[in-house]
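Engineer: Predicted model follows, preceded by the sequence.
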Amino acid sequence: DGGITQSPKYLFRKEGQNVTLSCEQNLNHDAMYWYRQDPGQGLRLIYYSQIVNDFQKGDIAEGYSVSREKKESFPLTVTSAQKNPTAFYLCASSTRGDQPQHFGDGTRLSIL
Amino acid sequence: GNSVTQMEGPVTLSEEAFLTINCTYTATGYPSLFWYVQYPGEGLQLLLKATKADDKGSNKGFEATYRKETTSFHLEKGSVQVSDSAVYFCALSDRTGNQFYFGTGTSLTVIP
C-alpha cells in the first residue's frame, strides 16, 4: 500500500542532543512537508521541499534542519538550538504544492 | 493573500446532534477547498473536497458546499456519533501560487 511512514512514533531527547525524525513516502510525490503541532494548536510549517535537493524554510524553521537527497525521504533534525522541542511532528507529501497533502501518523518528541 | 478562518473551538455535542463547523476563506483566483480530520494521536486524513463553486463534497455523512458568494465552506453532519470526536481542519489550495493553506482546526467532542 502506498503511504507515508514516520518513525519513530515516540522519541526522547536529552539536553544538548540533536535528534532526527524519519519520513519516507512511496507515493512518488514531488513535494514534502514538515509541520509542528502543539497541544490544542493547529499546524505550523517548519520546512518544505518541492523537488529533490531543494527545500525552503517555513514559518518556524529556527532550530531545525532538513535534507532532501532522495525523492522518497525528507528527514527532519531537531537541533540543540531548538529550546522547546516537545511537540507532535507531522510529515506530509503531495504531487505538487497546490494538491491535497497526505500525512504520516506523526512522531511525538519529548525532552528527558 | 490567501487564508482560511475556522470557528473557534472546542465544540461539544451530544450524540445524534446536528453539526456545523464554519469555515470562510480569502483567496485570489479560484481555489479548491478541503476538510481534513485528525483523530487523537494520528495524522490528518482528507475527509472531503470541492474544486469549484457550488460543488458539494461529501464523505462518511459529512457534507460541505463551496459557496463563492459568501466565500464559505462550512462542514455539516446531520447526526454525529461519538466516533466523530476529532479535530477538523479546513484547507484551501492556490493553483496560481502552488501552495496549500490550513485553518487552525476545530476540536469536536461528541458525548453519549
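Structural biologist: On my side now, so go ahead. Residues are numbered from 1 along each chain as shown, chains lettered A, B, ... in the order given.

Engineer: contacts and neighbour counts: CA atoms only from here.
Structural biologist: Fine.

Engineer: Would you mind measuring from A:Lys9 to chain B?
Structural biologist: Noted for A:Lys9: a distance of 10 Å to chain B, by C-alpha to the nearest C-alpha, to the nearest Å.

Engineer: Tell me who's in contact with that residue.
Structural biologist: Applying C-alpha atoms under 8 Å, 6 or more residues apart in numbering or on different chains, one finds that A:Lys9 lies in contact with A:105-108.

Engineer: let's see 6 Å
Structural biologist: With contacts defined as C-alpha atoms under 6 Å, 6 or more residues apart in numbering or on different chains, the neighbours of A:Lys9 are A:Thr107.

Engineer: do the one 10 residues further on as well
Structural biologist: Listed by C-alpha under 6 Å, 6+ apart, the contact set of A:Val19 reads A:77-78.

Engineer: do the same with A:Leu109
Structural biologist: Contacts of A:Leu109 were listed using C-alpha under 6 Å, 6+ apart, and they are A:11-12, A:86-87.

Engineer: With the flanking residues excluded, which residue is spatially nearest to A:Asp105?
Structural biologist: B:Gly43 (4.4 Å; C-alpha to C-alpha, 6 or more residues apart in numbering or on different chains).

Engineer: number of nearby residues for that neighbour?
Structural biologist: Residues within reach of B:Gly43, counting by other C-alpha atoms under 10 Å in any protein chain shown, total 20.

Engineer: hmm, back to that, which among the contacts of A:Leu109 gets closest to chain B?
Structural biologist: For these, the minimum distance to chain B (C-alpha to the nearest C-alpha) is 11.6 Å, reached by A:Ala87.

Engineer: Identify all contacting residues around the worst-scoring helix or strand of chain B on mean pLDDT.
Structural biologist: When the helices and strands of chain B are compared on mean pLDDT, DSSP states H and E, strand B:99-102 comes out lowest with a mean of 86. Contacts made with strand B:99-102 from outside it, assessed by C-alpha under 6 Å, 6+ apart, are listed as A:97-98, B:90-93.

Engineer: Tell me the bridge partners for the residue nearest to the spatial centre of chain A.
Structural biologist: Centroid check for chain A by C-alpha atoms, centre = their mean gives A:Trp34 as the closest residue, at 3.2 Å. Partner residues in beta bridges with A:Trp34: A:Tyr47, A:Cys91, with DSSP bridges as the criterion.

Engineer: just to revisit the earlier point, which of the residues in the least confident helix or strand of chain B are classified as buried?
Structural biologist: Buried residues in strand B:99-102, counted by 16 or more other C-alpha atoms under 10 Å in any protein chain shown: B:100-102.

Engineer: Which member of the residues you listed is positioned nearest chain A?
Structural biologist: Of all the buried residues of strand B:99-102, the one with the least separation from chain A (C-alpha to the nearest C-alpha) is B:Phe100, at 5.2 Å.

Engineer: Find me whatever residue is spatially closest to the closest one, sequence neighbours aside.
Structural biologist: Closest residue to B:Phe100 in three dimensions, ignoring its sequence neighbours and counting by C-alpha to C-alpha, 6+ apart: B:Ser93, at 4.4 Å.

Engineer: and that neighbour, what element?
Structural biologist: Secondary structure here is read from DSSP states H and E; on that basis B:Ser93 sits in strand B:86-94.

Engineer: buried sites along that strand?
Structural biologist: Within strand B:86-94, the residues that qualify as buried are B:86-94, counting by 16+ other C-alpha under 10 Å.
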